[in-house]
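S.K.: Dropping the sequence and predicted coords here.
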Amino acid sequence: MKTKSDGSYEKFSASIKTGTIGSLYIFHGEERYLLEHSLAELRTRLCPDGLNGFNYKRLNGTDIHNNLSSLDDAISTLPVFAERTLIEIHDFDIFKGAKKSEAMTDGLELSENVSKTDGDEDKRLLAEILSDLPDYVCIIIVYNILPYKPDSRVKLDKEILNHAQVVEFNIQEQSKLTKWISAHFKVAGKSIRTPDAQYMALITDGHMTTLVGEIEKVSAYSSGDTVVRDDIDAVVVPVLNAFAYKLTDAVLANNHAEALRILDELLLMREPSQKIIFSISVKMRQFMAARVCIENNLDKRALMDMCGIRFDFQATSLLSTARKTTLARCRDAVLLCVEAACDINQTAEPEARLVELILRLAQGRQK
């Protein structure tokens with residue numbers, strides 16, 4: 001799936017380099033490596049006495065939901081021998097609000113520009129607190145398990161977001177990810193070609209957290225100065241989409257024995273048949289799209305945009321194989337997948353239907 005960045009991480013990263021650190025951040029997104037790296041950088045800059053010192057506080061969302069005064073107490077505590085206090089709040093849904101304590105509401109007037117008709121009183125109080133943070137505080141609200149779902153129709157949600165810097169940590173785009181992989185191999189004393197770095201990103205779904213460990217394993221396994229595809233295949237366990245990628249590659253290469261071997265491995269992993277047929281169908285639709293591009297004199301970039309393909313080598317491979325067949329045969333392959341998908345939902349033996357599909361796809365390629 002093609003990943004697009006909203007630019008929030010790049011903007012945040014640039015501000016940290018210049019030392020411009022805000023008062024309220026919201027961190028969310030699936031690239032946990034970058035999120036944790038950003039947290040570590042803020043901790044280093046704002047907490048010179050370490051995480052056991054007076055200027056670092058970590059709160060859990062459940063605690064704040066039960067009693068908002070714990071957040072107010074943390075904000076009210078002045079830093080000791082430092083300019084800022086860093087407060088991390090993990091899995092606190094700020095758009096849901098929290099319970100207040102009676103002591104907090106004594107003498108506190110809500111801002112006139114926060115509507116009393118939007119949400120309940122505790123959420124209005126939370127918006128009031130976050131909209132008037134002292135200069136010595138930096139709050140980071142981290143969405144780990146909870147989904148990040150603000151409602152733009154709710155006035156209080158917009159009020160909170162107006163005072164926060166929202167940073168989304170996405171899976172990195174191809175060029176940045178391959179450079180990052182190459183740099184990490186270089187630290188380990190190895191080099192890697194760009195297509196092989198792309199391949200490694202593909203079979204791990206491009207998650208940096210996973211890649212860090214896999215790069216260490218591949219570096220230790222590889223006997224040469226340059227990491228090659230065989231080194232990667234020997235020690236890296238692919239994700240489901242990568243298994244399907246390999247399976248359909250084997251089908252397109254007329255290697256139905258290898259395709260059946262990979263399918264058997266998927267079934268031994270107890271992957272649902274519905275997920276397997278979906279992944280195969282996606283690849284066959286991409287295969288047909290590649291043939292369409294060839295017949296309409298469209299280039300590799302057009303195919304990548306059309307199908308949401310992230311890596312150059314995938315598009316190159318699809319176009320190379322599609323040049324050896326016809327649009328009619330590509331269409332037949334897609335229709336075979338559609339028929340199999342319908343049958344799998346109705347049969348008591350979905351695994352057997354998948355085997356039949358692989359054999360029929362291979363026969364179609366041989367023709």
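M.R.: It's in. What you are looking at is a predicted structure, and each value in this text was computed from that prediction instead of being measured. Residues are numbered from 1 along each chain as shown.
S.K.: Phi and psi next, for residue 18.
M.R.: Main-chain dihedrals, residue 18, degrees, to the nearest 10: phi -90, psi 0.
S.K.: Measure how buried it is and give me the count.
M.R.: Residues lying near residue 18 (other C-beta atoms under 10 Å) number 7. (Glycine included, C-beta is placed from N, CA and C.)
S.K.: confidence score at it?
M.R.: On pLDDT, residue 18 comes in at 88.
S.K.: List the contacts of it.
M.R.: Residues in contact with residue 18 (C-beta atoms under 8 Å, 6 or more residues apart in numbering): none are found.
S.K.: cool, the one 3 residues further on as well?
M.R.: Residue 21 makes contacts with 15, 42, 45-46, 84, 138, as judged by C-beta under 8 Å, 6+ apart.
S.K.: Distance-wise, check it relative to residue 310.
M.R.: 32 Å (C-beta to C-beta, to the nearest Å).
S.K.: of the contacts of residue 21, buried ones?
M.R.: 42, 46, 84, 138 (16 or more other C-beta atoms under 10 Å).
S.K.: shouldn't residue 93 be in contact with residue 150?
M.R.: No: if you go by C-beta atoms under 8 Å, residue 93 and residue 150 don't touch, sitting 9.8 Å apart.
S.K.: ok, back up a step: with respect to residue 199, which of the buried ones among the contacts of residue 21 is nearest?
M.R.: Proximity of the buried ones among the contacts of residue 21 to residue 199 (C-beta to C-beta) peaks at residue 42, which lies at 33.9 Å.
S.K.: And the pLDDT at that closest one?
M.R.: pLDDT recorded at residue 42 is 93.
S.K.: Please enumerate the helices of the stretch 51-200 of the chain.
M.R.: 61-66, 69-76, 102-105, 121-130, 155-162, 174-187, 194-203 (DSSP state H, counting those that start in this stretch).
S.K.: related to what we said a few turns ago, quick one: which of the contacts of residue 21 is nearest to residue 128?
M.R.: Distance to residue 128, by C-beta to C-beta, is smallest for residue 138 among the contacts of residue 21, at 18.7 Å.
S.K.: State the three-state secondary structure for residue 224.
M.R.: Here residue 224 is coil, with the state taken from DSSP: H, G, I helix; E, B strand; the rest coil.
S.K.: so how far is residue 216 from it?
M.R.: Separation of residue 224 from residue 216 (C-beta to C-beta) stands at 17 Å.
S.K.: What of residue 50?
M.R.: According to C-beta to C-beta, residue 50 and residue 216 sit 27 Å apart.
S.K.: ok, the two, which is more surrounded?
M.R.: Remark: of residue 50 and residue 216, residue 216 carries more neighbours, 13 against 10, as counted by other C-beta under 10 Å.
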